[in-house]
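Peer 1: Structure, please.
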Amino acid sequence: MKHRRTATMLLLLALSSVLVLGGCGTDAAKEKGSETTQTGEIDPALAPKDDATTGEEANDPVTSMQTENALAQTVEQQNGKAIVNNAESMLVVVNKERSLPDGYEPPDLVEPNVKFSFSEEHEKRHMRKEAAEALEKLFANAEENNIELNAVSGYRSYKRQQSLYNYYVDTQGEEYASRVSAVPGTSEHQTGLAIDVSSPSVGNVLEEVFGGSVEGKWLAEHAHEFGFIIRYPQDGEAITGYLYEPWHIRYVGVEAATAIYNQKTTLEQFLQE
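Peer 2: Numbering: from 1, shown residues only. Presented below is the predicted three-dimensional model:
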C-alpha cells in the first residue's frame with residue numbers, strides 16, 4: 001500500500017513538471033511575439049526600398065515625362081553654350097538659353113494636309129510627322145466647329161532663321177529683335193514641332209489681334225486636346241523670353257499639353273525640377 005502511494009505521488013510529480021515546462025514554452029513564444037510588435041521590427045525582405053516610388057506617382061505618365069525631360073537633365077555645356085541633348089524629343093525645350101546642336105535637322109519632316117495661307121512650295125509647309133498628324137486633327141475639328149484656320153509658318157531651317165533674325169535687327173534693332181525673333185539655333189521652328197497659325201478673319205496676320213478673334217480664342221481653348229500649347233502665353237515673357245504670341249502653337253503631346261493647359265503654366269515651368 002505504501003509502495004502504491006509512493007508510486008502515485010511520483011506519477012503526479014512527473015505530470016506537474018510536464019505541464020510547467022509546456023507553459024513556459026507557450027509564454028516564451030508570446031513574450032517573444034509581444035517584444036517584436038513593440039519594437040516595430042520588420043522582416044528586411046518586406047521592407048520598402050529607400051528609392052522606391054509608391055502609389056499613383058509611380059504610374060503617373062505626366063510625372064514620368066517631367067522627370068525624364070527635366071530641364072537640368074536635358075542640356076550639356078559645349079564651348080560655352082548650353083546645347084540640348086534631347087533634340088528629337090517631343091518635349092525638347094529650345095529657348096534663348098538652350099540651343100539645338102549645330103546643323104540639326106528634324107529626321108521626319110512631312111507636309112500636313114491642312115490649308116495654308118500661301119500656295120507655293122516652301123520649307124515652312126513642313127512639320128515633324130507626329131506633329132503634322134496632330135495638326136490635321138486640330139484643323140479638322142476646327143472646321144467642324146465653323147472655325148477657319150490657316151497654317152502660316154512651320155519648320156524653319158537654321159539658315160532661314162538667320163536671315164529672319166538679321167532682318168529684325170536691321171529694321172527694328174537688336175533689343176526688339178531678341179523679343180520677337182530667335183537667334184539662329186534657338187528657334188522652336190527649327191525643331192519641326194512648332195507652327196504659326198492664323199485666320200482669314202484677321203487677314204492671316206501673325207499679330208496679337210488674332211488672340212482676340214473667335215478663331216484665336218477657340219485655338220487657345222482647344223489646342224491642348226490635340227497635343228498643342230500656346231507656347232508664348234500672355235504675361236509669360238519673363239519666363240519664355242518672348243512677347244505674347246497667340247498664333248504660335250507647339251506640339252508636346254496630348255498628356256503634356258493638357259497638364260500645361262490645366263496648370264496655366266509654360267513649358268519651362270512644367271519641366272522645371
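
Peer 1: tell me the contacts of residue 111?
Peer 2: Each residue near residue 111 by Cβ atoms under 8 Å, 6 or more residues apart in numbering is listed here: 125-127, 132. In short, each C-beta sits where N, CA and C put it, glycine included.

Peer 1: Quickly note the distance from the residue nearest to residue 129 when sequence neighbours are not counted to residue 174.
Peer 2: Using Cβ to Cβ, 6 or more residues apart in numbering and skipping residues adjacent in sequence, the residue nearest residue 129 is residue 108, 4.4 Å away. Going from residue 108 to residue 174 by Cβ to Cβ, to the nearest Å gives 34 Å.

Peer 1: which one of those two has more residues nearby?
Peer 2: Neighbours were counted for residue 108 and for residue 174 using other Cβ atoms under 10 Å; residue 108 has more, 13 against 10.

Peer 1: how many other residues sit next to the residue nearest to residue 145 when sequence neighbours are not counted?
Peer 2: Closest residue to residue 145 apart from its sequence neighbours, by Cβ to Cβ, 6+ apart: residue 218 at 6.8 Å. Residues lying near residue 218 (other Cβ under 10 Å) number 17.

Peer 1: Kindly provide the distance from residue 218 to residue 190.
Peer 2: On the measure of Cβ to Cβ, residue 218 and residue 190 end up 28 Å apart.

Peer 1: try residue 255
Peer 2: 24 Å.

Peer 1: These two: which is more packed in?
Peer 2: residue 190 (24 against 15).

Peer 1: Which stretches in the chain count as strands?
Peer 2: Using DSSP state E, the strands of the chain run over 75-78, 81-84, 109-110, 127-128, 150-153, 194-198, 228-232, 245-251.

Peer 1: just so I know, which of the ones you listed lies nearest residue 260?
Peer 2: Closest to residue 260 of the strands of the chain, according to Cβ to Cβ: strand 228-232, at 5.1 Å.

Peer 1: Pull the distance from that closest one to the chain's centre.
Peer 2: Averaged C-alpha coordinates place strand 228-232 at 13 Å from its chain's average position (Cα atoms, centre = their mean, to the nearest Å).

Peer 1: Now do that strand and strand 245-251, the angle between them.
Peer 2: Here strand 228-232 runs at an angle of 130 degrees relative to strand 245-251 (axes from the mean of the first three to the mean of the last three Cα atoms, to 10 degrees).

Peer 1: by how many degrees do strand 228-232 and strand 194-198 diverge?
Peer 2: Interaxial angle of strand 228-232 relative to strand 194-198 (the same axes, to 10 degrees): 90 degrees.

Peer 1: burial count for the closest residue to residue 74 other than its chain neighbours?
Peer 2: Leaving aside its sequence neighbours, residue 74 sits nearest to residue 86 (Cβ to Cβ, 6+ apart; 4.6 Å). Counted by other Cβ under 10 Å, the residues lying close to residue 86 total 14.

Peer 1: I figured residue 86 hits residue 69, correct?
Peer 2: Yes. If you go by Cβ atoms under 8 Å, residue 86 and residue 69 touch, sitting 6.5 Å apart.
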